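Novice: Please work out how this folds:
(one chain, ligands or ions: 1)
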Amino acid sequence: MPYNFNHTPNRRDPKVVNKWTYYKKDILPMWVADMDFPAPKPILKELHKVADQGVLGYELPSTVLKETIATRMDKLYKWKVKPDSVVAVTGIVSGFNVAARAFCSQKKGILVQPPVYNEFHEVKNNLGIPQIDAPLVEQVNGNILSYEIDWDVFEKQVKKAGMFLLCNPHNPLGIIFSRKDLLRMAEICIRNNVLIVSDEIHSELLLDGNQFTPMAKLSSEIANHTITLIAPSKTFNVPGLFCGFAIIPNKELRERYTKEVEYLRLHVSSMGLHAAQVAFSGECDGWLRDLRKYLTTNRNFLVDYVTKHMPDVRITSPDATYLAWLDFTQLKLKKSPFDFFMMEAKVALSDGKIFGTDYRGYVRLNFGTSRKILKQGLDRMRNALN
Ligand SMILES: Cc1ncc(COP(=O)(O)O)c(C=O)c1O
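Specialist: Residues are numbered from 1 along each chain as shown. Below is the predicted model of the structure:
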């Protein structure tokens, strides 16, 4: 039976700080990137089993878990990963900060493609290294936004970097980069001796039956030059368990990376490891198939709604993720759209400016929720604009 994604449990427990309690009670949350759906049953069953056994002791990532991850990469992409190449990390944000600690310096900073996930912008603050921007270039067709790489800028900026932090699929734009673009980015990075760190946390949240290719799958030369970051967190909605994996085929890179992980003692919680084992085993793939269909319909509903009822607003039509990017600059609002909708619509979105300094007139909207809540949020926004 297909899972009922119209069911979204009440998360408004005042003792807990989460997406639903962070702001005041009357605010509808469409901000931080977790979904309002329960995780798939097999994961919950596993976590219950661990709790029932009673002892919540230390655990390390097992060989079985690393083999399960390698098997999944083979099954999904025909990408041959050796289980030994897998390093567990306490989430993907830790994962790319570790990479920057190991491979960047004052002279060789971190290259990113704004507008991009806010935590990418924090790496420079955490480590005191330069951030180098190669912004994606906006295209407008009707009210639909899309973004492309400016190759001249990319080529120029890469020279100042020690590491390129790629977001693929891209948050907040929902782009799945094509093989052609990936090959060109990789060629430029390798030619300039810049390490590629590919954040692929959203890689299984594909809409419309789209396909995804991991950067490191493209050639053994690229794999040798790339750290791939994956996690069950976004796909199976278990981000609070803080468990991710770096896949590093190059032994030398892996040893340097693992040394940093050990230095910082980034040990993953046992519940995270148990959840990952079940998530990557394939047991939850039926749930995932239904989720993708539901999210695709949500995306279509959202884009149609904006086109019909907010014609001056521009929006992406994402190929992956449950995140959309909306441009309110045509409306000439006095406040930023983030402040405007928080105050006038009681809807919490993610403020465009956290994705890059030029994006104050934009917001990111999370549509990983029931259609009813999505419609409620959009109705509130539409009424506020009217
Ligand atoms: C691109 C990207 N990377 C990483 C994360 C968060 O990763 P974690 O919670 O595992 O640190 C997110 C969450 O939204 C994300 O969108």
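Novice: Show me which residues of the stretch 1-150 of the chain sit near the ligand.
Specialist: Within the stretch 1-150 of the chain, the positions near the ligand by CB under 6 Å from any ligand atom are 33, 91-93, 117. All C-beta atoms are positioned from the backbone trio N, CA, C, and that covers glycine.
Novice: packing partners for the helix ranked longest in the chain?
Specialist: In the chain, taking DSSP state H as the definition, the longest helix is helix 285-309. Helices and strands touching helix 285-309, by 3 or more CB pairs under 8 Å, 6 or more residues apart in numbering; DSSP states H and E, are strand 314-316, strand 323-327, helix 371-385.
Novice: these two touch, right, Ile373 and Leu28?
Specialist: Yes - shown here, Ile373 and Leu28 form a contact pair, counting by CB atoms under 8 Å, at 7.1 Å.
Novice: Can you show me the strands along the stretch 51-200 of the chain?
Specialist: Assigned strands in the stretch 51-200 of the chain, in chain order: 86-89, 109-112, 131-133, 137-141, 144-148, 161-167, 195-199 (criterion: DSSP state E, counting those that start in this stretch).
Novice: can you put these in CSV and add mean neighbour count and mean pLDDT?
Specialist: Formatted as CSV, these follow (neighbours: other CB atoms under 10 Å; pLDDT from 0 to 100):
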stretch, mean neighbour count, mean pLDDT
strand 86-89, 24, 98
strand 109-112, 26, 97
strand 131-133, 19, 98
strand 137-141, 11, 97
strand 144-148, 16, 98
strand 161-167, 25, 98
strand 195-199, 25, 98
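Novice: possible to save these as CSV with distance to Glu187?
Specialist: Output for these, formatted as CSV (distance: least, CB to CB, whole Å):
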stretch, distance to Glu187
strand 86-89, 26
strand 109-112, 15
strand 131-133, 18
strand 137-141, 20
strand 144-148, 17
strand 161-167, 12
strand 195-199, 11
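Novice: for these, which one sits closest to Lys332?
Specialist: Proximity to Lys332 (CB to CB) singles out strand 137-141 among the strands of the stretch 51-200 of the chain, at 16.7 Å.
Novice: Can you list the strands that the closest one pairs with?
Specialist: Next to strand 137-141 in the sheet, as set by DSSP bridges, lie strand 144-148 (antiparallel).
Novice: residues in contact with the strand it pairs with?
Specialist: Residues outside strand 144-148 that contact it (CB atoms under 8 Å, 6 or more residues apart in numbering): 136-139, 170, 173, 175, 303, 314-317, 325, 327.
Novice: with the residues you listed in mind, which one is nearest to Asp208?
Specialist: Among these, Ser317 lies closest to Asp208 (CB to CB), at 9.6 Å.
Novice: so Pro38 makes contact with Phe236?
Specialist: No - using CB under 8 Å, Pro38 makes no contact with Phe236, being 10.2 Å away.
Novice: Now stretch 5-22: average pLDDT?
Specialist: Averaging pLDDT along stretch 5-22 gives 95.
Novice: how about stretch 195-211: buried residues?
Specialist: 195-207 (16 or more other CB atoms under 10 Å).
Novice: just the residues you listed that are near the ligand?
Specialist: Filtering the buried residues of stretch 195-211 for proximity to the ligand by CB under 6 Å from any ligand atom leaves 199, 201.
Novice: For burial, what's the neighbour tally of the closest residue to Ser220 other than its chain neighbours?
Specialist: Closest residue to Ser220 apart from its sequence neighbours, by CB to CB, 6 or more residues apart in numbering: Pro249 at 8.0 Å. By other CB atoms under 10 Å, the residues close to Pro249 number 21.
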